[in-house]
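Trainee: Need the 3D shape of this:
(2 chains)
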Amino acid sequence: MKKYKFQLLSLFGALMLLTSCGNNNGQNTSSGALNSSAAEKVYVAPGEHDEFYAFMSGGYSGNLTVYGLPSGRMFKEIPVFSQFPTSGYGYSEETKPMLETSHGFVPWDDSHHPDISQTNGELDGRWIFINGNNTPRIARISLSTFETEEIIEVPNSAGNHSSSFVTENTEYVVAGTRFSVPIPQRDMPINEYKGNFKGSLSFISVDPEHGHMDIKFQIIMPGFNYDLSHPGRGKSHGWFFFTTYNTEEANSLQEVNSSQNDKDFIAAINWKKIEAYVNNGGGIKVPANYAHNVYDESTHSATSMMKKEVLTVNPLDVPGAVFFLPTPKSPHGCDVDPSGEYIIGNGKLSADLTVHSFDRMLAAIEAKKFDGEAYGIPILKFEDVLAGTVKSGGLGPLHTEFDGKGNAYTTFFISSEVVKWKLGTWEVIDRKPTYYSVGHIMVPGGNSRKPFGKYAVALNKITKDRYLPVGPEMEHSAQIYDISGEKMELLYDFPTHGEPHYAAGIPASILAPKSKKLYRLDENKHPYAVTSPDQARVERKGNEVHIYMSTIRSHFTPDNIEGVKVGDKVYFHITNHEQDFDVPHGFAMIGQNTSELLIMPGQTKSSLWEPKQVGVWPFYCTDFCSALHQEMQGYVRVSPANSDIELSWSLDGD
Amino acid sequence: MKTIQICKVIPLIVLLITFYSCKNDTKQETISTLTAQEAISESQKGQAFIDDDSSTPNVLQIAIDSPDHTTLVAAVQAASLENALVNAGPLMVFAPTNEAFDALPAGTVEDLLKPENKEKLATLLKHHVTAGNYDKNFLKKFKKLGQADDTNAIVEVKGDDVYVGGAKIIASIKAGNGIVHVVDKVILPTSN
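Mentor: Purely as a prediction, here's the structure:
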């Protein structure tokens, strides 16, 4: 007994001391860099997992990167709009159709705003959507395979920027045009822009079961620039809000000519009203030409189809569906708080933030208190819809996210900081510098009904001296802040890939359990799949040679092939017979004018090779699959075009 | 027997380690007081303090390099506004000359430079900054400018001259992140 008492006493003493030490630490929190608790907060021990996934848009990489928070570790780059030699996306025969558009094969885009699917206004983690800004497209990515499953082109759009945000039950993913254009496209003088160019806002329905996208309708709006958007939620569910700039409709040197008006607008769209209108046969079907590309997980193949028609809606034909809310000078971000009451638009050159009230907007509409109209669309009075103004003390406000505890976090590009303020009282609570010139900010679920207000990530535009110098071109910097307390605390700084614009975060507990480990071979419906090695073969159809090949640790079946001739089109259709987690095989052929393939367990991928030179040419596995990986190789004998050598193939000389 | 001894020893070790780590903490504290000066240099972190002589001068560097703007630069430094003037912009700075500051009532500048008036000074200086990049001629199109202190400055055109908040533009220098308009007066915010 005595022994225990002694132990307890000592332990108690130790605890007291520890506590007092901890208090000291607490007092030191303001000393920033010396504070070790910041390190503890971002430290994820080896083998441990992060608390959140963060999906960062890849900007001009055209892709989407997956990070962990709080560690800032990158887990994956998901190819979306860009060819990706790492996996063969956009190079393999199966995935080339994903990048087809009305302009032909477009191997790249500028991805901007990822948004995770929602049910009842909360993240459901089924899919993530992202927009291609340059050649207007919206992509849907599966959050069980973390692969792009579908891309739909958006016609009558240019600079697909106010996209790809989902409504509360993922009824729609919405895509607004940044650049107005002639609709339909035609040959006309640019200086006749005003009144003739139009801006389209596309509502793309999402099939609740499979996620398949279809453009339900396009609202053809005046020729402004539709910059960003967010859905109403809760009581404002059924509405969508878009910031506009260039309501001057200038067509040249917009840097100055689009900053003439004191106020531009937030366009408030009652999409439920327009949906009812089109469901009752409203709207005009017009000819169009846009690609719809769908990847089928069971065939491991994509198909591309051109659609020839789109349903357009003139907003004047649906009275009471579209209104303009005056908002100071060239607003950029358009964010809606978790309750759905506050709509925040920030003049990007101003010092303060404008917060509109949904209730006040409805009351003003009800009372028909209009302050003129623009192209027949009623303009509400600024004072009638204003909920409040945040006197921020910063300069150049861009984007706002929420913590679900009544606070908002707004980024300021020019003054390079994040400002925390209180919804309703508009008082500024805290401000922290960013390094440097922040664009978007992301709180996991921060633009849903239920944010997870623990961390905020600032996505910066300028890096300069944050990391070891690597020449003029460098990755962008991000900073993660702990926002669980009254004051924000800068925890960590990490580089991001491409130019991340927006990002979307979600608790790991929602996604991790359903992440797929492999594709089942017995579910593989690829037309060129071989499900057992004895099906492996080589077939000739004219000058096309199809090689039905399988892989397993560590050999190709077949490995040696003869009878191929110069001028043939040789297709390697490779099925990975592994059924173990994380055992891919790669395939690369010497001199092949395309990328490698990386084939996951149970998957089939095809690669085209057009041999130009006589000889015996090796191929090999690019992934270190086992201790005998170096032995995983084969040869193709290429004979002259007029050769009469018969096709033959072998494994172990059989 | 041995196990019992270990049981006794472990808490002792914990105690010792704790003492030791506390000692480390006090050491850290002395470091952090030592770095009180470093805390100042903490505020001297950011884009403004990057060693870079190859880029086009930004609005801050232009002011620093001008012998006629030593008072303005001292004021910017006193208000810790360096970083606000070096970002990508666009920034338009109305830069009062030393003479303009000298024309203020005696003691005004000294008063503003006092640490307790840092906020006041920052507000005054922000009133000399617009988010934008317009040359003198283009400024004639404006009736007022929205300044970084969240108030407006009136723009007036008299003949060929442009006045902003009552101060006349006497020279203009293009910068990497905007433009510096040299003005002959300190622009005082009016209640608007």
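Trainee: so where is chain B shaky, pLDDT-wise?
Mentor: Confidence mapping of chain B against pLDDT under 70 gives the ranges B:1-44, B:191-192.
Trainee: again, 80 this time
Mentor: Scanning chain B for pLDDT under 80 picks out the ranges B:1-54, B:191-192.
Trainee: Would you mind giving the domain segments of it?
Mentor: B:2-34, B:50-183 (automatic domain parsing).
Trainee: looking at these, which is closest to A:Lys285?
Mentor: Proximity to A:Lys285, assessed across those by C-beta to C-beta, is greatest for domain B:50-183 (44.3 Å). (Each C-beta comes from the backbone N, C-alpha and C, glycine too.)
Trainee: gap between the two ends of that closest one?
Mentor: Using C-alpha to C-alpha, to the nearest Å, the end-to-end distance of domain B:50-183 comes to 28 Å.
Trainee: And for stretch A:607-623?
Mentor: End to end - C-alpha to C-alpha - stretch A:607-623 spans 16 Å.
Trainee: and what of stretch A:439-453?
Mentor: Termini of stretch A:439-453 sit 19 Å apart (C-alpha to C-alpha).
Trainee: And the average pLDDT for that stretch is what?
Mentor: Mean per-residue pLDDT for stretch A:439-453: 97.
Trainee: Pull out the buried residues from that stretch.
Mentor: A:439-453 (16 or more other C-beta atoms under 10 Å in any protein chain shown).
Trainee: so which strand or helix has the closest residue to A:Asp493 other than its chain neighbours?
Mentor: Spatially, and ignoring its direct neighbours in sequence, A:Asp493 is nearest to A:Gln479 (5.2 Å; C-beta to C-beta, 6 or more residues apart in numbering or on different chains). Per DSSP states H and E, A:Gln479 falls inside strand A:476-482.
Trainee: One more: A:Val278?
Mentor: Using DSSP H and E, A:Val278 sits within helix A:271-279.
Trainee: helices or strands up against the helix or strand following that helix?
Mentor: Next helix or strand after helix A:271-279 toward the C-terminus (DSSP H and E): strand A:284-296. With contacts defined as 3 or more C-beta pairs under 8 Å, 6 or more residues apart in numbering or on different chains; DSSP states H and E, strand A:284-296 has these neighbours: strand A:100-101, strand A:148-153, strand A:213-222, strand A:301-313.
Trainee: mind giving me the domain ranges of chain A?
Mentor: According to automatic domain parsing, the domains of chain A span A:53-514, A:521-650.
Trainee: what's the most buried one of those?
Mentor: domain A:53-514 (a mean of 21; mean count of other C-beta atoms under 10 Å in any protein chain shown).
Trainee: Distance across that one, terminal residue to terminal residue?
Mentor: End-to-end distance of domain A:53-514: 13 Å, with C-alpha to C-alpha as the criterion.
Trainee: Which stretches in chain A count as helices?
Mentor: Using DSSP state H, the helices assigned to chain A run over residues A:2-27, A:36-42, A:254-257, A:271-279, A:358-366, A:382-385, A:508-511.
Trainee: Comparing the ones you listed, which yields the minimum mean pLDDT?
Mentor: helix A:2-27 (a mean of 44).
Trainee: separation between A:Met188 and A:Asn251?
Mentor: 12 Å (C-beta to C-beta, to the nearest Å).
Trainee: what's near enough to touch A:Phe81?
Mentor: Each residue near A:Phe81 by C-beta atoms under 8 Å, 6 or more residues apart in numbering or on different chains is listed here: A:Gly62, A:Asn63, A:Leu99, A:Val106, A:Trp108, A:Asp109, A:Asp110, A:Ser111, A:Gly132, A:Arg137, A:Ala139, A:Ile151.
Trainee: Could you dump the residues you listed into CSV and include distance to A:Ser330 and pLDDT?
Mentor: Listed next are the contacts of A:Phe81 as CSV, based on distance: C-beta to C-beta, whole Å; pLDDT from 0 to 100:
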residue, distance to A:Ser330, pLDDT
A:Gly62, 27, 97
A:Asn63, 29, 97
A:Leu99, 33, 98
A:Val106, 30, 98
A:Trp108, 28, 98
A:Asp109, 25, 98
A:Asp110, 21, 98
A:Ser111, 24, 98
A:Gly132, 24, 98
A:Arg137, 26, 98
A:Ala139, 28, 98
A:Ile151, 31, 98
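Trainee: Among those residues, which ones are in strands?
Mentor: A:Gly132, A:Arg137, A:Ala139, A:Ile151 (DSSP state E).
Trainee: Go through these and name the one nearest chain B.
Mentor: Among those, A:Gly132 lies closest to chain B (C-beta to the nearest C-beta), at 24.9 Å.
Trainee: for that closest one, what are its contacts?
Mentor: Contacts for A:Gly132 (C-beta under 8 Å, 6+ apart) come out as A:Gly62, A:Val80, A:Phe81, A:Asp109, A:Asp110, A:Ser111, A:Ile138, A:Ala139, A:Ile151, A:Asn160.
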